[in-house]
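Visitor: Predicted model, plus sequence, below.
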Amino acid sequence: MKKISIALAAALISSTSAMAASLAPADITVALIYGIKGDPFYVTMEKGARAKAEELGIKLVADGPSQWNPQLQTPLIDAMIAKKVNGMVAVPNDPTAMVPVLERAFQSGIAIATADTFVGDGDYKDGTVNFPVSAVSSDNFAGGKVACEALIDAMGGKGSLYILVSTPNVPSDTLRRDGCKAAVDATGGAVKLAGVDYTQSNATNATNLTQAALQRDKEIGAIFGGNLFSAQGAAAATRTANLQGTVKIASFDAPEEAIASLKDGTIDIVIAQQPAEIGAVAVQAVFDSLTGKTDIPAKVAVPFVTITRDNVDTPDAQAAIYKA
Ligand code: T6T
């Protein structure tokens with residue numbers, strides 16, 4: 001992977017900051033390029049980013065592809081370069097394929113932070129890609145592990161656990177998958193992995209894949225729905241098979257629908273990310289970079305909230321539901 005030298009990156013960052021330091025907040029425009037259109041997670045992220053932009057007195061423009069696809073996301077970023085935005089919060093659709101266009105944006109003087117997903121290995125200090133100022137996300141590995149430990153408990157520590165995530169090139173989801181696998185491994189073989197499937201962030205795919213898995217492996221006692229659409233499809237498949245509540249489900253993501261499924265017993269645990277906060281923190285990082293601040297954290301983990309039937313009505317749990 002191409003790496004901009006640290007000296008060049010520092011020179012570009014300091015000239016970008018010096019240039020923008022002379023701008024009034026009202027002259028600063030930040031672009032949010034989210035992961036996929038219509039996903040309640042990104043709708044909520046955009047709300048948080050807009051609220052932060054308003055607080056800072058800057059403008060925010062937002063766009064994202066109709067499918068999770070770097071070829072569709074790249075021209076949207078090129079269009080923001082042409083618009084001469086000052087900063088960008090990007091949710092890269094692929095950690096490698098999105099590097100060239102983001103590098104073009106950076107070289108044209110745009111300050112960049114990533115939100116939710118990242119480029120390279122996500123370590124912008126010592127890693128393979130160092131031009132973004134900050135990577136803001138949930139601790140996805142920890143979230144996957146917590147969810148699957150709860151599922152394993154609910155299965156009585158035995159049986160098969162099936163994993164669904166969006167795509168193999170969405171690092172947020174693959175980290176969750178790996179966190180879940182670590183929980184399965186820790187059972188020393190008592191719980192078996194029934195397989196990992198990829199839904200392309202499409203609930204119908206998730207339903208079909210789950211139905212096939214339930215047919216194939218009658219020992220499946222739990223399903224890790226590693227993102228919103230994966231969990232939604234898994235819940236639909238267990239209802240069709242009349243296995244709701246018998247096969248335990250964890251939903252990574254907290255749209256209203258997952259909460260309804262938690263309440264009716266189809267889903268047992270919901271890991272709520274804080275997409276509004278992720279968007280807000282990333283906009284702040286870009287603003288800080290543009291206005292010459294130097295101690296911006298290269299990595300920020302925004303805490304997730306674990307929701308079960310026991311705490312779903314508490315103010316903290318209610319506040320964590322995605323407001324799409
Ligand atoms: O889970 C979120 C996000 O964190 C992930 O990167 C992709 O899927 C979602 O947008 C939910 O659909």
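Guide: Arrived safely, thanks for sending.
Visitor: drop to CA atoms for contacts and neighbour counts, all remaining ones
Guide: OK.
Visitor: quick one: what helix or strand has the residue in the stretch 1-150 of the chain that the ligand sits nearest to in it?
Guide: When scored by Cα to the nearest ligand atom, the stretch 1-150 of the chain has residue 41 as its residue closest to the ligand, at 5.1 Å. For residue 41, the element it lies in under DSSP states H and E is helix 40-56.
Visitor: What helices and strands are in contact with that helix?
Guide: The contact analysis (3 or more Cα pairs under 8 Å, 6 or more residues apart in numbering; DSSP states H and E) places helix 40-56 against strand 59-63, helix 275-290.
Visitor: Figure out which of those is closest to the ligand.
Guide: Across the helices and strands packed on helix 40-56, the ligand has its closest neighbour in helix 275-290 (7.9 Å, Cα to the nearest ligand atom).
Visitor: related to what we said a few turns ago, you'd agree the residue of the stretch 1-150 of the chain closest to the ligand is up against residue 279?
Guide: No. Residue 41 is beyond contact range of residue 279, at 10.5 Å (criterion: Cα atoms under 8 Å).
Visitor: Between these two, tell me which one has more neighbours.
Guide: Remark: of residue 41 and residue 279, residue 279 carries more neighbours, 33 against 26, as counted by other Cα atoms under 10 Å.
Visitor: pLDDT wise, what is that one at?
Guide: Note on residue 279: pLDDT of 98.
Visitor: Next up, the contacts around the residue nearest to it when sequence neighbours are not counted.
Guide: Spatial nearest neighbour of residue 279, chain neighbours left out: residue 49 (4.6 Å); criterion: Cα to Cα, 6 or more residues apart in numbering. Residues counted as contacts of residue 49 (Cα atoms under 8 Å, 6 or more residues apart in numbering) are 32, 60, 276, 277, 279, 280, 281, 282, 283.
Visitor: Check these and tell me the two furthest apart.
Guide: Longest distance between any two of the contacts of residue 49 is 15.6 Å, between 60 and 277; criterion Cα to Cα.
Visitor: residue contacts, residue 147?
Guide: 180, 224, 250, 252, 269, 270, 271.
Visitor: Kindly report the residues of the stretch 1-150 of the chain close to the ligand.
Guide: Within the stretch 1-150 of the chain, the positions lying close to the ligand (Cα under 6 Å from any ligand atom) are 39, 41, 116, 117.
Visitor: Beta-bridge partners for the residue nearest to the third one when sequence neighbours are not counted, please?
Guide: In this case it means residue 116. Spatially, and ignoring its direct neighbours in sequence, residue 116 is nearest to residue 137 (4.3 Å; Cα to Cα, 6+ apart). On the basis of DSSP bridges, residue 137 is bridged to residue 301.
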